[in-house]
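Enquirer: Sequence and predicted structure are below.
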Amino acid sequence: MGIDISIDDIGIGYSSLNCLRRLPIQELKIDQSFICELTFNLNDTVIIEAIISLAHNLKLRVIAEGIETFDQLKILKSLHCNEGQGYLFGKPMETEETTRFLISKGKQLELNPGTVGHPSNS
């Protein structure tokens, strides 16, 4: 069907490790509370690295939530995080604004392949 299941906010609340055994998931989303102190809190870096390693060993993708700085992005890339979301890439948008944004990025991709999806070009 083309549907992926994610466990959101891994590391806090109800997102327990038990879910990894019981649910047919494809990806984990690291809670933004770990990302916000990533550049100066070594404990958060160690926890994120462990989550990414665990996920990859289980053949799961990892998405980091709440990326706001290039330094955070650089660290997450070095830890082999698969994807990210946050204000570094764009602000939350209403449906109509999202549609216009995606159409403009599609046109940009047609004119200039390789530029869409890079924060420095957005």
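Expert: It's in.

Enquirer: what are the ranges of the helices in the protein?
Expert: Taking DSSP state H as the test, the helices found in the chain are 18-22, 32-35, 42-57, 70-78, 95-111.

Enquirer: Would you mind finding the most buried of these?
Expert: The densest packing among these, expressed as mean neighbour count by mean count of other CB atoms under 10 Å, is seen in helix 32-35 with a mean of 19. C-beta here means a position set from N, CA and C on the backbone, and glycine is covered the same way.

Enquirer: for that one, packing partners?
Expert: The criterion is 3 or more CB pairs under 8 Å, 6 or more residues apart in numbering; DSSP states H and E, and the helices and strands that helix 32-35 contacts are helix 42-57.

Enquirer: hang on, the earlier thing: lowest mean pLDDT across the helices of the chain, which one is that?
Expert: When the helices of the chain are compared by mean pLDDT, helix 18-22 comes last with a mean of 75.

Enquirer: Off-centre distance for that helix?
Expert: On the basis of CA atoms, centre = their mean, to the nearest Å, helix 18-22 is displaced by 20 Å from the centre of the chain it belongs to.
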